[in-house]
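Colleague: I would like the atomic coordinates for the input below:
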Amino acid sequence: MTAPDDFTAAVIRVLEALEPGEVMAYGEVAAEAGYPGAARAVGNLLRSTPGLPWWRVVTSTGRLVPKHENEHAERLRAEGVKVEKGRVVG
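Modeller: As a prediction, the model looks like this:
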């Protein structure tokens with residue numbers, strides 16, 4: 001197995017620091033990792049890397065992952081996050 005590149009390692013650190021019930025937007029994850037403007041790259045990483053807490057990441061408007069809204073909402077609600085009409089609220 002190869003070592004993750006700097007971007008991947010930084011994003012993984014941010015995601016692993018999220019506690020149950022904490023939610024961040026893709027852009028917030030990118031900025032916190034030191035890569036502002038790399039929101040899409042965060043999404044691509046989550047899509048291609050199993051085992052990461054992808055459900056704790058939403059769009060900047062709080063929208064859930066398209067085509068995975070039900071599972072996304074279930075996982076977030078299990079952690080105490082309020083979800084209504086496909087978006088994180090509150």
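
Colleague: wouldn't residue 30 be in contact with residue 42 here?
Modeller: Yes: with contact defined as CB atoms under 8 Å, residue 30 and residue 42 form a contacting pair (5.0 Å). C-beta coordinates here come from the backbone N, C-alpha and C atoms, glycine included.

Colleague: between these two, which contacts overlap?
Modeller: residue 11 (CB atoms under 8 Å, 6 or more residues apart in numbering).

Colleague: so what's the residue count around residue 16?
Modeller: If you count neighbours by other CB atoms under 10 Å, residue 16 ends up with 9.

Colleague: can you tell me how far the residue most central in space within the chain is from residue 30?
Modeller: Residue closest to the mean C-alpha point of the chain, counted by CA atoms, centre = their mean, is residue 57 at 2.3 Å. Computed as CB to CB, to the nearest Å, the residue 57 to residue 30 distance reads 10 Å.

Colleague: shared neighbours, these two?
Modeller: Contacts common to residue 57 and residue 30, judged by CB under 8 Å, 6+ apart, are residue 42.

Colleague: give me the residues contacting the lengthiest helix in the chain.
Modeller: Ordering each helix of the chain by length in residues (DSSP state H) puts helix 6-17 first. The contact list for helix 6-17 (CB under 8 Å, 6+ apart) reads 3-4, 24, 29-30, 32-35, 38, 41-42, 45, 49, 52-53, 56-57.

Colleague: buried ones in it?
Modeller: Residues of helix 6-17 classed as buried by neighbour count (16 or more other CB atoms under 10 Å): 7, 10, 11, 12, 14, 15.

Colleague: from the middle of its chain, how far away would it be?
Modeller: 11 Å (CA atoms, centre = their mean, to the nearest Å).

Colleague: helices of the protein, residue ranges please.
Modeller: Going by DSSP H, the chain shows helices at 6-17, 26-32, 39-48, 69-78.

Colleague: can I get these in JSON lines including mean pLDDT and distance to residue 90?
Modeller: What follows is the helices of the chain, written out as JSON lines (pLDDT from 0 to 100; distance: least, CB to CB, whole Å):
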{"stretch": "helix 6-17", "mean pLDDT": "97", "distance to residue 90": "21"}
{"stretch": "helix 26-32", "mean pLDDT": "98", "distance to residue 90": "17"}
{"stretch": "helix 39-48", "mean pLDDT": "96", "distance to residue 90": "22"}
{"stretch": "helix 69-78", "mean pLDDT": "97", "distance to residue 90": "12"}
